[in-house]
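Participant: next comes the sequence, and after it the predicted model I'd like to discuss.
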There are 4 protein chains.
Amino acid sequence: MVNPSRWEARKEQILKAAERIFARKGFPEATISDVAKEAGVSDATIYEYFSSKEELLFSIPGETTRKGKEMLEFHLNYVRGAANKLRSIIYHYLWFYQNHPDYASVAMLILKQNRKFLETEAYQVVREGSRIILRVVEEGIASGEFRQDVNPYLVRSVILGTIEHMVIRWLLHGSPKDLLWAVDPLTDLVIQGIRKASPPPGWNLRISLEPDVCPGGDATDASALAVESNPQHRSSSGEGS
Amino acid sequence: MVNPSRWEARKEQILKAAERIFARKGFPEATISDVAKEAGVSDATIYEYFSSKEELLFSIPGETTRKGKEMLEFHLNYVRGAANKLRSIIYHYLWFYQNHPDYASVAMLILKQNRKFLETEAYQVVREGSRIILRVVEEGIASGEFRQDVNPYLVRSVILGTIEHMVIRWLLHGSPKDLLWAVDPLTDLVIQGIRKASPPPGWNLRISLEPDVCPGGDATDASALAVESNPQHRSSSGEGS
Amino acid sequence: MVNPSRWEARKEQILKAAERIFARKGFPEATISDVAKEAGVSDATIYEYFSSKEELLFSIPGETTRKGKEMLEFHLNYVRGAANKLRSIIYHYLWFYQNHPDYASVAMLILKQNRKFLETEAYQVVREGSRIILRVVEEGIASGEFRQDVNPYLVRSVILGTIEHMVIRWLLHGSPKDLLWAVDPLTDLVIQGIRKASPPPGWNLRISLEPDVCPGGDATDASALAVESNPQHRSSSGEGS
Amino acid sequence: MVNPSRWEARKEQILKAAERIFARKGFPEATISDVAKEAGVSDATIYEYFSSKEELLFSIPGETTRKGKEMLEFHLNYVRGAANKLRSIIYHYLWFYQNHPDYASVAMLILKQNRKFLETEAYQVVREGSRIILRVVEEGIASGEFRQDVNPYLVRSVILGTIEHMVIRWLLHGSPKDLLWAVDPLTDLVIQGIRKASPPPGWNLRISLEPDVCPGGDATDASALAVESNPQHRSSSGEGS
DNA sequence: CATGAATGAGTGTTCATTCAT
DNA sequence: TATGAATGAACACTCATTCAT
């Protein structure tokens, strides 16, 4: 390995080819020859970089996951409040999968159900990533944003489970076209489901105004505010089956 | 097929063997020989009942799913109210997977990500099953239990996604031991997330005021309307990174 | 295996083909395809009968060796006297190799130097075969035909080593054409080398010459030579197992 | 080849590495990489010195054999008498293999049965070495030490065959620990087997002729002693199976 | 009906060898 | 001279599938 950067580049080239091929054909159906052809190298060359077909598969997450986790943590620093952070997390995952469909395929359709992958180092990074959700939920409980009795593990399962379910549908059925439509509805459902059910400050005020506003008035403004703290909007591009 | 009942029994015997083997070893790793041995028949005999290894796999859900769906629908008749029905559904799925781990393995780890399975007749039954959730949610919206703006497809994704996420964790990690602990927390989270915002303590007070404030007005309707008149459509292209 | 005799026949057919191919091309150069073609079956069929290329190789001696050993023991019953028996043994080996050149090739050029073969059950039969020589030599010592100081293990090494050396030369160089020419010379050399030195007819004549030779004081030299030509010193580190 | 001596040193270094590796793993199992690693050079470098893996193998005997042959011939000049020379030869081979086990492995287990090696120049040196035996036997016949009817080729086969048989046993089984124990027994067996059948010393003596024949001579006693002092104890702990 | 026996088709993997640098 | 990098060419082995009995 005289030239490490060249070596890394080649490795990346092979990994990208593998990601594409595995995403397209599935792992058992894809052959090393397919990957080699896609990468523009020989079969044997692949074995210079990866010791087996399976190791090649397990190497795909590697950097991607690490960078993703770092990026997410970086963004979260910009955001205040557990609820807002949950939205960032949901956005992050959906945006990422949307923009890396091949990676999504490999992760959701191949790796997720692979028992051996669980013993992989790469999987540890995935776990760490998913621990962020736990942390944020706990933070929200501590700050009083969320109820004391909320189970962070359940929340994580709800968030990741829903995302994964939608990503898989998107991959297999192609619907919805745009995964990001779900960011707000999902965020809202979850937040609503776990937040401290005391009315947010300001509610009472507005409500007390209503009598004045209602009759013939424009409720829009008032509820607009309410809506902002309480949005359950259904996108016109709903998740049709 | 000299003796139809005997034939069916044999078929079931092979299917059960396949379920066990596929669950244990995964589909590509499992061989027809494995299944044949487990079923106590010869390799060739399997081909008397199923035309290919893949057809054998796709035949596993068949009855199970149909019966499951029927049972679920039967139970739902006992239950009044969309929220209660959602709980029944969640209970049903978790209970079923908990008590049929091999089937859970095949369904969650093998079939769910199989593109070809989507074109299968058996898959149609699965879809029908999942449509029950849509129906119940719509029922809840119509009855006023759930908010008007709730997206039934999202709710379905949340419920099925969470369940599947938990089942997969259970299959791969063995935790939690008892899936059913999640029934109520999950139900509550979802219901809370979608139900018409019944007032937290203190609300009723204000509500009681409304008639005075909005004479002749229907508070419920009003707020429902307010919400409905406040659609916040999100442009799908508005969420740039 | 419904029909064992058919199964055995097939197995034998493959073994014979393997013997021919391995003899002709050597083990590493021979491919399973070669063997399959020679046997008139498919590659896969070979694996129905033998679990690996190596097991196929190690199965070649099997019957042959067992039958050979039995035949040899049968013949030995016809022969009286250890010396005569040794001749029978030498004849047996040379005759056998001469008439089974492919087997000779496999045994001498492939198996003999294979460390793994030593752990094989088939090899045990070979060992038992070679023990016959030990037995006969011991018998000859006990009966007084051979000297007391003869080391049976050395004799065995001489007999088998010479035979193998000649067979290998015969296989590789093609000379001599007829291995059997060596039966009597080798037998005589060995017998002469180990027998109790009873004088052959005519000896005494030559002995009468000695007096003439002695004067002049060469007797010492002569006996020195005699001594040197007859040392049976036991090294403290004998060829113990 | 800028620096010839450096070049030769490198070549020797590679050859020694190859000898070790081939001896340890066998030829087909050993890889060029193994040899390169052992030699501390790169794979490609080996091809600077040897054109192929096989040429590398065939180059191993080269010097060793030539030097061995020279040494043997040198020693033989010190020895008088064909019988004594045969002992020297036997000693030489056994001593050499004993002290060069890796070379012994390569020669006995790999090269000896290689058809292509026979066409090699290196093999010619081996042949020349083995011709020494022929020469000595012929010399012994001519001098009257050995019988007229002795076949030198047979004797060579006996000597080399026995040695090789024992060396192979030693390599594969590890017994006997010390090959050299066999030098004298083997020499004696062979000499006894081919020498002119002069009565063993002491025979005629006892026949009572001698006193008259060698008056005042000590020859009688001496040779008698020689004979009597030649007890042929057979170790009870011979070459265990 | 059931199956023992046979196989065609396919693939991951290895390694001796080459060559630009 | 030395080698890192690349690869062409093979090959053992597997397994879903077929079919005569």
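Facilitator: That came through, no problem.
Participant: spell out which residues of chain A are next to DNA strand E.
Facilitator: A:30-33, A:43-44, A:47, A:51-54 (C-beta under 7 Å from any atom of the strand). Any C-beta I mention is one placed from the backbone N, CA and C, and that applies to glycine too.
Participant: ok, then the element right after the host helix or strand of A:Glu138?
Facilitator: For A:Glu138, the enclosing helix or strand under DSSP states H and E is helix A:121-143. Downstream of helix A:121-143, the next assigned helix or strand under DSSP H and E is helix A:152-173.
Participant: so that following helix versus helix A:121-143, what angle?
Facilitator: Helix A:152-173 and helix A:121-143 are oriented at 130 degrees to each other (axes from the mean of the first three to the mean of the last three C-alpha atoms, to 10 degrees).
Participant: so which bits of helix A:152-173 are buried?
Facilitator: A:152-172 (16 or more other C-beta atoms under 10 Å in any protein chain shown).
Participant: likewise for stretch A:183-199?
Facilitator: Those would be A:183-196, A:199, for stretch A:183-199 by 16+ other C-beta under 10 Å.
Participant: how's chain A carved up into domains?
Facilitator: A:4-59, A:62-194 (automatic domain parsing).
Participant: give me the contact status of the shortest one with chain D.
Facilitator: No - applying C-beta under 8 Å from any C-beta of the partner chain, one finds that domain A:4-59 is not in contact with chain D, the shortest distance being 12.4 Å.
Participant: still on that earlier bit, anything in the helix holding A:Glu138 near chain B?
Facilitator: No - Helix A:121-143 does not reach chain B (C-beta under 8 Å from any C-beta); its nearest approach is 10.3 Å.
Participant: how far does that helix sit from the chain's center?
Facilitator: 13 Å (C-alpha atoms, centre = their mean, to the nearest Å).
Participant: cool, stretch A:90-97 as well?
Facilitator: 4 Å.
Participant: so where's chain A uncertain?
Facilitator: Residues of chain A meeting the criterion pLDDT under 70: A:1-2, A:197-241.
Participant: residue contacts, the residue most central in space within chain A?
Facilitator: Chain A has A:Tyr93 as the residue nearest its centroid, 1.9 Å off, counting by C-alpha atoms, centre = their mean. Shown in contact with A:Tyr93 (C-beta atoms under 8 Å, 6 or more residues apart in numbering or on different chains): A:160, A:163.
Participant: and it, what element?
Facilitator: Per DSSP H and E: helix A:82-99 holds A:Tyr93.
Participant: isn't A:Lys112 right up against A:Glu164?
Facilitator: Yes - contact criterion C-beta atoms under 8 Å: A:Lys112 and A:Glu164 qualify, at 7.3 Å.
Participant: shared neighbours of those two, anything?
Facilitator: By C-beta under 8 Å, 6+ apart, no residue touches both A:Lys112 and A:Glu164.
Participant: ok, the one helix or strand A:Arg20 maps to near DNA strand F or not?
Facilitator: Assessed by DSSP H and E, A:Arg20 sits inside helix A:4-25. Yes - applying C-beta under 7 Å from any atom of the strand, one finds that helix A:4-25 is in contact with DNA strand F at A:6-7, A:10.
Participant: looking at those residues, which has the most residues close by?
Facilitator: A:Arg10 (16 neighbours; other C-beta atoms under 10 Å in any protein chain shown).
Participant: the closest residue in space to that residue that isn't next to it in sequence and A:Ala39: what is the separation?
Facilitator: In space, and not counting its chain neighbours, A:Arg10 is closest to A:Tyr49: 6.7 Å by C-beta to C-beta, 6 or more residues apart in numbering or on different chains. Separation of A:Tyr49 from A:Ala39 (C-beta to C-beta, to the nearest Å) stands at 10 Å.
Participant: if I look at those two, which residues touch both of them?
Facilitator: A:Ile14.
Participant: DNA strand F contacts on chain A?
Facilitator: So far as C-beta under 7 Å from any atom of the strand goes, chain A lies against DNA strand F at A:1-3, A:6-7, A:10, A:41-45, A:47-48.
Participant: if you set the cut-off to 10 Å instead, what comes out?
Facilitator: Taking C-beta under 10 Å from any atom of the strand as the contact definition, chain A meets DNA strand F at A:1-11, A:13-14, A:32-33, A:36, A:39-49.
Participant: thinking again about what came up before, so after the helix holding A:Tyr93, what's the next helix or strand?
Facilitator: helix A:101-105.
Participant: what helices or strands is that following helix leaning on?
Facilitator: helix A:4-25, helix A:152-173 (3 or more C-beta pairs under 8 Å, 6 or more residues apart in numbering or on different chains; DSSP states H and E).
Participant: now with 10 Å?
Facilitator: Secondary-structure packing of helix A:101-105 (3 or more C-beta pairs under 10 Å, 6 or more residues apart in numbering or on different chains; DSSP states H and E): helix A:4-25, helix A:62-76, helix A:82-99, helix A:152-173.
Participant: put the alpha carbons of the second one into CSV.
Facilitator: I take that to be helix A:62-76. What follows is helix A:62-76 as a C-alpha-only set of coordinates in CSV (Å, rounded to 0.1, in the frame of the first residue of the first chain):
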residue,chain,number,x,y,z
GLY,A,62,-18.8,2.0,7.7
GLU,A,63,-18.0,5.6,6.9
THR,A,64,-21.5,6.4,5.9
THR,A,65,-23.0,5.6,9.2
ARG,A,66,-20.2,7.3,11.2
LYS,A,67,-20.5,10.5,9.2
GLY,A,68,-24.3,10.4,9.4
LYS,A,69,-24.1,10.1,13.2
GLU,A,70,-21.6,12.9,13.4
MET,A,71,-23.7,15.1,11.2
LEU,A,72,-26.8,14.5,13.2
GLU,A,73,-25.1,15.3,16.5
PHE,A,74,-23.7,18.4,14.9
HIS,A,75,-27.1,19.6,13.8
LEU,A,76,-28.7,18.8,17.1
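Participant: got a list of contacts for stretch A:71-84?
Facilitator: A:85-89, A:91-93, A:96, A:128-129, A:132, A:135-146, A:187-188, A:190-192, A:194-195, A:229, B:241 (C-beta atoms under 10 Å, 6 or more residues apart in numbering or on different chains).
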